[in-house]
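# Output the structure for:
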Amino acid sequence: MKKTSLLLAAIALCVCACHREDPPEGYMEHQGTLYPKPVPVQFDSNGDGVIDASDASIGVLGANLQADQTPNGGALFRGESEGVSNGVRYCYQNVERNCDAYGSLYSMETALNGSWEKLQQQAKENMTDKNGNGVWDYIDDITSSPSYINTVSLAYSGTAAKEFVEKLAAAIAPQAPAPATESVMQQAIYRVMTEVLTELFAANKTYVDVTAMQESVFRNVESIVISTVIAPENEWMDPSAQLDAIATAVARTASSGVSSRIAGDVVAQIKKESASHSYTQGLCPGGFHIPSDADWILFELALGMSPADAMQSGIEVTNRGAAAYVVQKMVDTHGFAYSGYMTENELYTQNGDAGVFVSSSVGEDENGKFMWVRQIDKSYSGVVRYKHYKPSGLSVRCFQN
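Prediction:
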């Protein structure tokens with residue numbers, strides 16, 4: 001009887017220990033942690049301008065990752081690091097409950113589960129460059145036609161010149177502008193636009209710097225409008241009569257028009273090519289991956305960000321997607337947290353105020369090794385997209401395959 005009781009007790013203990021309850025509805029389990037399942041959000045994946053049943057969806061795991069092993073149960077990636085140590089799962093201020101609340105922080109290499117050299121090679125292999133010229137195909141596809149830059153420049157120089165004549169007429173009324181005024185101004189704006197766009201497309205082989213493009217077009221158009229007006233052969237108006245205001249308005253029209261057009265063309269190509277990209281799983285669960293910069297862009301578009309905003313970049317561009325409340329949607333619907341980060345000197349900072357999230361898009365330029373990241377910050381109205389050069393401790397969000 002005693003043996004039977006002991007046997008039954010052992011069986012009961014085994015059942016209790018071995019039985020794992022299913023996760024609550026709406027959650028999935030990974031390495032003992034429950035995560036809200038992704039909330040799918042559709043985007044115009046086929047580029048027809050309409051979101052319908054034929055379009056794909058993007059799903060993001062509903063909380064910052066806090067894995068303490070690789071997906072197959074192995075140890076976190078270790079190796080030499082120039083900043084935050086590899087192979088460590090950090091909780092803010094080394095307090096475990098902060099990992100529960102905000103997720104974990106990882107070095108870039110640990111998050112992507114590989115050495116920097118391996119990650120660069122993966123990124124290079126994922127670069128769609130069929131002709132091997134070192135330029136991403138989506139940039140080649142845009143600029144391969146010799147007439148592309150000319151066509152864009154012609155269209156927006158025409159719009160800007162027309163606006164100039166309208167504002168000039170109002171400034172010098174009742175006198176009327178000379179008949180050739182619009183033509184002369186368009187030629188001047190067209191010339192500087194083609195020069196700026198040709199230079200900027202040639203300068204970047206792996207991404208289109210729409211922010212620099214917009215700023216450069218603005219500066220150059222503003223300058224050429226003023227110099228054309230005050231040229232001795234023109235004498236269209238008294239230079240002191242609203243000239244600066246007119247030049248600024250015309251330059252703003254030209255730069256925003258050009259940047260929006262090119263951003264839209266770039267996004268269209270990214271949509272076409274993103275389906276063929278391979279995934280970097282990193283520390284993410286099976287069926288999920290570390291998002292590339294292109295994945296982030298498509299997610300932001302799905303949340304309502306405009307193509308013109310999506311292609312902006314730089315630590316100083318803090319209003320990307322503000323008009324569409326993209327940050328609010330990320331936090332309220334998709335579980336993004338202001339988890340802080342760790343500096344390269346392993347100092348914790350900005351918990352509850354900012355969150356910086358990794359991508360699989362890494363590289364090296366004249367400033368050193370970098371990773372494209374996203375940052376949300378309570379003092380910013382938008383999502384910041386920039387090249388992060390410092391080997392810091394950052395948060396991980398996993399996108400569904």
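# rest of the way, CA atoms for contacts and neighbours
Will do.
# where do the strands sit along the stretch 251-400 of the chain?
288-289, 339-342, 348-351, 354-357, 362-365, 368-377, 384-388, 393-394, 399-400 (DSSP state E, counting those that start in this stretch).
# so who does V258 touch?
Contacts for V258 (CA atoms under 8 Å, 6 or more residues apart in numbering) come out as 152-153, 156, 214.
# from those, which ones fall inside helices?
The helices, defined by DSSP state H, take in 152-153, 156, 214 from the contacts of V258.
# most surrounded residue in the residues you listed?
Counting neighbours by other CA atoms under 10 Å, the top entry in the ones in helices among the contacts of V258 is S153, with 26 neighbours.
# I figured that residue hits Y190, correct?
Yes: at 5.5 Å, S153 and Y190 qualify as touching, with contact defined as CA atoms under 8 Å.
# still on that earlier bit, in CSV: the ones in helices among the contacts of V258, plus pLDDT and distance to A203.
Supplementary listing: the ones in helices among the contacts of V258 in CSV, determined by pLDDT from 0 to 100; distance: CA to CA, whole Å:
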residue, pLDDT, distance to A203
V152, 91, 18
S153, 93, 18
Y156, 94, 22
Q214, 91, 15
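# Lowest average pLDDT across the strands of the stretch 251-400 of the chain?
Mean pLDDT is lowest for strand 362-365 among those, at a mean of 86.
# what about that strand, distance to the chain center?
15 Å (CA atoms, centre = their mean, to the nearest Å).
# And for S216, nearest residue in space, chain neighbours not counted?
Distance criterion CA to CA, 6 or more residues apart in numbering; nearest residue to S216, sequence neighbours excluded, is V196 at 6.9 Å.
# doesn't the one you found fall inside a strand?
No: counting by DSSP: H, G, I helix; E, B strand; the rest coil, V196 is not part of a strand but helix.
# Look up how far V152 lies from it.
12 Å (CA to CA, to the nearest Å).
# how about the strands of the stretch 1-150 of the chain, start to end?
27-30, 33-36, 41-42, 57-58, 106-107.
# Go through the ones you listed and name the closest to N401.
When those are compared by CA to CA, strand 57-58 sits nearest N401, at 8.6 Å.
# ok, N345 - how many residues close by?
With other CA under 10 Å as criterion, N345 counts 14.
# Report the rounded mean pLDDT for the top helix by length along the chain.
Determined from DSSP H, the single longest helix within the chain is helix 243-274. For helix 243-274, mean pLDDT is 87.
# Just the buried positions in that helix, please.
Neighbour-count burial for helix 243-274, counted by 16 or more other CA atoms under 10 Å, picks out 243, 246-260, 262-271, 274.
# just to revisit the earlier point, which of the ones in helices among the contacts of V258 lies closest to I376?
Of the ones in helices among the contacts of V258, the one sitting nearest to I376 (CA to CA) turns out to be Q214, at 23.2 Å.
# these two touch, right, that closest one and S256?
Yes: when contacts are counted by CA under 8 Å, Q214 is listed as touching S256 (6.5 Å).
# Please enumerate the shared neighbours of the two.
Counting by CA under 8 Å, 6+ apart, nothing touches both Q214 and S256.
# which stretches of the stretch 51-200 of the chain form helices?
96-102, 108-112, 116-126, 137-143, 148-172, 181-203 (DSSP state H, counting those that start in this stretch).
# Can you give me the pLDDT of the residue nearest to S216?
Looking at V196, the pLDDT reads 91.
# dump the residue contacts of T70.
Taking CA under 8 Å, 6+ apart as the test, what T70 contacts is 76-77, 113, 282-284.
# do that again at 7 Å, thanks
76, 283 (CA atoms under 7 Å, 6 or more residues apart in numbering).
# ditto for C91
Contacts of C91 by CA under 7 Å, 6+ apart are 98-99, 104-105.
# Repeat the analysis, applying 6 Å as the threshold.
Counting by CA atoms under 6 Å, 6 or more residues apart in numbering, C91 touches 98-99, 104.
# how much space between it and R261?
Applying CA to CA to C91 and R261 gives a distance of 43 Å.
# about what we covered before: let's have the strands of the stretch 251-400 of the chain in a markdown table, adding mean neighbour count and distance to S223.
A markdown table is the format used below for those (neighbours: other CA atoms under 10 Å; distance: least, CA to CA, whole Å):
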| stretch | mean neighbour count | distance to S223 |
| --- | --- | --- |
| strand 288-289 | 22 | 47 |
| strand 339-342 | 27 | 42 |
| strand 348-351 | 17 | 41 |
| strand 354-357 | 23 | 38 |
| strand 362-365 | 16 | 31 |
| strand 368-377 | 20 | 33 |
| strand 384-388 | 21 | 29 |
| strand 393-394 | 28 | 42 |
| strand 399-400 | 22 | 45 |
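# Is it correct that A251 is in contact with S223?
No: A251 sits out of contact with S223 when judged by CA atoms under 6 Å, with a separation of 8.7 Å.
# before we move on, the earlier item: any idea how many residues pack against the residue nearest to S216?
Applying other CA under 10 Å, we find 19 other residues in the vicinity of V196.
# What separation do you get for it and N64?
Per CA to CA, V196 is found 41 Å from N64.
# And the contacts of V258, which is closest to K369?
Q214 (25.7 Å).
# Can you give me every residue that contacts N401?
N401 touches 287-288, counting by CA under 6 Å, 6+ apart.
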